[in-house]
Every structure is written in structure tokens, then in C-alpha cells.
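Colleague: Give me the fold of what follows.
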Amino acid sequence: MTKQRRSLAVSAPASERGDGFRAVGVAVSKLAAPIVAKRSGGVLARLKAEWVTIIGPELAPLVWPTGYGRDGVLKLRTVPLAAIEIQHRAPLVIERINLYLGRSAVSRLVLVQASPPTSLRPAAASEAAGAGGPVVDGLALATIADPDLRAALARFAAAIAARHN
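Modeller: Model prediction:
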């Protein structure tokens, strides 16, 4: 007679095994949460989610957060025509952000001149167009008093738009 070996799988009682499968996302979020908090990864996500509320409808179409450093430096993407205005209002922008976050998270702004995300453009264009006049990168040309300057800016914007299309 040949003896057959049978291996018996020994398993723990159901009470020790737990309730079965668990979602991996729960375990990963528990592991990643301290790392994200340490590197301030949540700051940028919170800023992007509530940007219009934090900055206000006047500045939101002109500037967008793109990066955040550990040393409190917030990188902002700004419309080229509004870069000087944003630089002038930097203390106000920093104050609004820190007030929203409830702590001094941002100490300095770095401005990069580029177009804001396309999701912000239509709202800015419709608001400014409602004010009466063409819009160039979120700025209404009708608000410029000097007709020669207004015409030159319109030609300049048309040339840039033609170059990028």
C-alpha cells in the first residue's frame, strides 16, 4: 500500500482572521498621510480646490497655483499682462492664503508668466465681456482710457494668438 501524504491547510479561526478582504486604499492612505503632511502636499491641493474663494473673483482668472515648496514658497502661474499687478498685490495674496489655511504656510510668491488653466478662462472672459469690450488674457480692453494704447494692445494680443494657433 502506498501512503498518500495529505497536507492539511491550517487556518486561523474566523475571529482572528478579521472580516475578510480590506481595501488597499485605506492602508495606503494611513501610510501616506504622515508623509504628505510632512511635505505639505495637502496645501497645494487645498489651494487649487478653493482658489476662487481664497483669492477672489477679481484675481482668480489671472493667477493659478502650480507648486508649493517646503520653505513656504508658492509658485503661481500668472497672465503676462497681469504679472506686475499680482507682484504689487503679493502681500495681499499671501495674507489671504495664510488666512484661509489658518497658519503662515506661504512666505513668498514666485510668479511664472503663462496662461492660466483653460477651465478658468471662460468665466473671466464672460464676466469681462459683460462689462463691455474685448478681453485679452482676462483683462478688458474697454477699461483702458487711451485709445492708441488700447488698439496697440489689441493688435499685440491678436499677433500672439495667431502665433500660438
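
Colleague: tell me which element the closest residue to residue 104 other than its chain neighbours is part of?
Modeller: The shortest distance from residue 104 to any residue other than its chain neighbours is 5.3 Å, reached at residue 98 (CB to CB, 6 or more residues apart in numbering). Heads up, the C-betas are built off the backbone N, CA and C, glycines and all. Using DSSP states H and E, the element containing residue 98 is helix 90-101.

Colleague: Flag every buried residue along stretch 150-165.
Modeller: Using 16 or more other CB atoms under 10 Å as the test for burial, stretch 150-165 gives 150, 153, 157.

Colleague: same question for that stretch, mean pLDDT?
Modeller: The pLDDT scores in stretch 150-165 average 76.

Colleague: now do stretch 114-131
Modeller: Averaging pLDDT along stretch 114-131 gives 52.

Colleague: Tell me the helices and strands packed up against the longest helix along the chain.
Modeller: Longest helix of the chain, by residue count under DSSP state H: helix 147-164. Contacts defined by 3 or more CB pairs under 8 Å, 6 or more residues apart in numbering; DSSP states H and E place helix 147-164 against strand 135-136.

Colleague: related to what we said a few turns ago, list just the nearest of the buried residues of stretch 150-165 to residue 53.
Modeller: Relative to residue 53, the closest of the buried residues of stretch 150-165 is residue 157; by CB to CB it sits at 28.9 Å.

Colleague: Pop the domain breakdown of the chain in here.
Modeller: 41-117, 119-165 (automatic domain parsing).

Colleague: Pick the most deeply packed of these.
Modeller: Highest mean neighbour count of the domains of the chain: domain 41-117, a mean of 16 (counted as mean count of other CB atoms under 10 Å).

Colleague: mind checking which helix or strand of this structure has the lowest mean pLDDT?
Modeller: For the chain, the helix or strand with the lowest mean confidence is helix 121-130, at a mean of 43 (criterion: mean pLDDT, DSSP states H and E).

Colleague: re the thing from before, I figured the residue nearest to residue 104 hits residue 105, correct?
Modeller: Yes: Residue 98 is within contact range of residue 105, at 6.1 Å (criterion: CB atoms under 8 Å).
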